[in-house]
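Trainee: Got a predicted structure here, sequence first:
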Amino acid sequence: MNQRLHRDPATITHGSAALLHLRDLCSSLTYATLLTDDGFEVTSLGGADIATARMASMASSMQALGDAVTRELRIGAADYIIIASASGYVIQLRVPGQQLVLSALFDADETVGKALSSARLAIAEMAGGLGSAGTAK
Amino acid sequence: MAEHVILFTGPMGAGKTTAIQSLSEIEVVATEAVNSDRITADKPTTTVAFDYGEITLDDDDKVRLYGAPGQRRFDFMWTILRERAVGMVLLVNNDAADPLASLTEFLGEFGDLHARGGIVVGVTRSDLAPVPTLDDYAACIAAARPEMMIPVFTLDAREPSQMRTALMSLILNVESTAASRDPAFAQ
């Protein structure tokens, strides 16, 4: 495997497929990116007017801050992070068993519950497809 | 009690997280992620948001220590973290590919902190790479920012006494700058 996880072909292939699956599940998905824990963009969907590499870095910081808060409060690992605004919301989840994070933007027409459950399905599919590929060596 | 916010900057692998761990009296709040790019820097983890620690100096000065991520892709954190900072410890690892270029880059990025309170430069890992020398660093600073007086130390980020010496040097500068602006501060 390429030492740079964000350039690993298998990770990109499975990640891209998962983002497409998520869009099929939720038409309200306007943008999604898969990133490494340390903030490199692996693949993105939508977001033509978004600086996707920068968003990947910001999502990495958010994920780490969420982990720091749950660690400080001793409530276990962060399961997901939601950032809500009047016109939509961002949901972030770590891909189980991988050093990867999904960050997805949904418009306000979607329910949080459906978006979250769809994102969980997508990352579960991704995790199954990747096996141990989505971890840095 | 006076409070100072000091920002630790420098390239990835310079020892910012280690330095804050060496200095802090509290358990450091860390935001480490597995480093997936071992080609750029061969270290297991990297800071992706900030490190935070605290130290009390002379029972009178509380210093809040913030460590910034070293990679430019996290420069939005640089913007956030610099807002409250009154001084900077700039760490540069001497075994990097081009440490003087890193020095110039970070001085250019955070040079305004010199006017706010001060900057010190700490050269780490010089046991692994003897050059550039401290004179080279001084010459580089003089060329890049001739208007600034910036002390340069060789440091082992793992050694609390060394880090404390560098930090105290910076705090003296910060307090002297504050006193020159507001004489009441010195009393």
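Mentor: Cool, got the structure.

Trainee: The helix ranked longest in chain A near chain B anywhere?
Mentor: Longest helix in chain A, counting residues (DSSP state H): helix A:52-73. Yes: using C-beta under 8 Å from any C-beta of the partner chain, helix A:52-73 comes into contact with chain B via A:53-54, A:57-58, A:60-65, A:67-68, A:72. To be clear about C-beta, it is placed using only N, CA and C from the backbone, and glycine gets the same treatment.

Trainee: Once you drop chain neighbours, what's closest to the residue positioned nearest the centre of chain B?
Mentor: Computing the C-alpha centroid of chain B and ranking residues by C-alpha atoms, centre = their mean puts residue B:89 first, at 2.2 Å. By the measure of C-beta to C-beta, 6 or more residues apart in numbering or on different chains, the closest residue to residue B:89 outside its immediate chain neighbours is residue B:8, 4.9 Å from it.

Trainee: I'd assumed residue B:87 was in contact with the one you found.
Mentor: No: counting by C-beta atoms under 8 Å, residue B:8 does not reach residue B:87; the two are 10.2 Å apart.

Trainee: Comparing these two, which shows the higher neighbour count?
Mentor: residue B:8 (31 against 23; other C-beta atoms under 10 Å in any protein chain shown).

Trainee: ok, now which ones touch that one?
Mentor: B:16, B:19-20, B:51, B:65-68, B:88-89, B:91 (C-beta atoms under 8 Å, 6 or more residues apart in numbering or on different chains).

Trainee: Now do the same contact list for residue B:66.
Mentor: B:5-8, B:50-52, B:81, B:85.

Trainee: ok, back up a step: would you list the residues of helix A:52-73 next to chain B in JSON lines and tack on distance to residue B:58, pLDDT and neighbour count?
Mentor: Below are those laid out as JSON lines (distance: C-beta to C-beta, whole Å; pLDDT from 0 to 100; neighbours: other C-beta atoms under 10 Å in any protein chain shown):
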{"residue": "A:53", "distance to residue B:58": "45", "pLDDT": "94", "neighbour count": "16"}
{"residue": "A:54", "distance to residue B:58": "42", "pLDDT": "95", "neighbour count": "15"}
{"residue": "A:57", "distance to residue B:58": "38", "pLDDT": "97", "neighbour count": "25"}
{"residue": "A:58", "distance to residue B:58": "38", "pLDDT": "97", "neighbour count": "21"}
{"residue": "A:60", "distance to residue B:58": "38", "pLDDT": "97", "neighbour count": "28"}
{"residue": "A:61", "distance to residue B:58": "34", "pLDDT": "97", "neighbour count": "21"}
{"residue": "A:62", "distance to residue B:58": "37", "pLDDT": "97", "neighbour count": "20"}
{"residue": "A:63", "distance to residue B:58": "38", "pLDDT": "96", "neighbour count": "25"}
{"residue": "A:64", "distance to residue B:58": "33", "pLDDT": "96", "neighbour count": "24"}
{"residue": "A:65", "distance to residue B:58": "32", "pLDDT": "96", "neighbour count": "17"}
{"residue": "A:67", "distance to residue B:58": "35", "pLDDT": "94", "neighbour count": "21"}
{"residue": "A:68", "distance to residue B:58": "30", "pLDDT": "95", "neighbour count": "19"}
{"residue": "A:72", "distance to residue B:58": "28", "pLDDT": "93", "neighbour count": "10"}
